[in-house]
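**Student:** Here is my input, please return the structure:
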Amino acid sequence: MKLFPTVVSSGTYDIDYEKLYEKGIRGIIFDIDNTLVEHDAPANDAARGLIKKIHGLGIKTFILSNNREGRVKSFADEVGSEYIFLAHKPSKKGYVECMKRMETGRENTVLIGDQIFTDVLGASNAGIRSILVKRIAFHEKYYIHLKRILEYLILFVWLFVPKKRKKEELWECV
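**Tutor:** Sure, this is the predicted structure:
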């Protein structure tokens, strides 16, 4: 199902990026808010350090956000990553453009984000794998809280209802 993430992680900063590289990942598309920093927060040392570490491994990064350019550009410039703003996630167009500009493909690109209806669904629409991370903070805009109720139901099904799917290699990285 397109709403199911490939894997789930306790957080962006808990992922083993060295193992992602070993598994062939060469491009990571990131959401910003509640994925790399709290909602509307500026880039911090943790985000800057993570992107620098990932680049040092030989993995390219891209920020893909539905936010306006001012928010996305300032954050992306601060962490040293390319970006697309007003991405209209879950449309696949932004994801495809990220891969084109990173010179990666579906098989070696992964999305890391905190929302099912934008990040995970968009990755599925683009044919790439996704890592759904636990949100950093609980204070969000009211309409995001409403979507979270449905997301919990989807995650319940994903986690507890038996399904036939092959073991995903990315499990070892989270």
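**Student:** thought residue 47 was touching residue 38?
**Tutor:** No - assessed by C-beta atoms under 8 Å, residue 47 is found out of contact with residue 38, at 10.6 Å. C-betas here are computed from N, CA, C, even on glycine.
**Student:** The two - which one has more neighbours?
**Tutor:** Using other C-beta atoms under 10 Å as the criterion, residue 47 and residue 38 rank with residue 47 on top: 22 against 15.
**Student:** what sits against the nearest residue to the more buried one once chain neighbours are set aside?
**Tutor:** Spatial nearest neighbour of residue 47, excluding adjacent residues (C-beta to C-beta, 6 or more residues apart in numbering): residue 36 at 4.6 Å. Residue 36 is in contact with 12, 30, 43, 47, 50, 75, 79, 136, counting by C-beta atoms under 8 Å, 6 or more residues apart in numbering.
**Student:** among those, which are in strands?
**Tutor:** Of the contacts of residue 36, the ones assigned to strands by DSSP state E are residue 30.
**Student:** Make CSV out of the contacts of residue 36 and add distance to residue 65 and pLDDT.
**Tutor:** As requested, the contacts of residue 36 are exported to CSV (distance: C-beta to C-beta, whole Å; pLDDT from 0 to 100):
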residue, distance to residue 65, pLDDT
12, 14, 97
30, 9, 98
43, 13, 97
47, 13, 98
50, 16, 98
75, 8, 98
79, 12, 98
136, 15, 88
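**Student:** So which of the contacts of residue 36 belong to helices?
**Tutor:** Counting by DSSP state H, the contacts of residue 36 place 47, 50, 75, 79 in helices.
**Student:** mind listing what the closest residue to the last one other than its chain neighbours touches?
**Tutor:** The shortest distance from residue 79 to any non-neighbouring residue, by C-beta to C-beta, 6+ apart, is to residue 51 (4.3 Å). Remark: with contacts taken as C-beta under 8 Å, 6+ apart, residue 51 is in contact with 61, 79-81.
**Student:** Look up how far residue 36 lies from residue 51.
**Tutor:** According to C-beta to C-beta, to the nearest Å, residue 51 stands 8 Å off from residue 36.
**Student:** With residue 3 instead?
**Tutor:** With the distance defined as C-beta to C-beta, residue 3 ends up 22 Å from residue 36.
**Student:** Then residue 117?
**Tutor:** Taken as C-beta to C-beta, the span from residue 117 to residue 36 is 19 Å.
**Student:** Perfect, that will be all.
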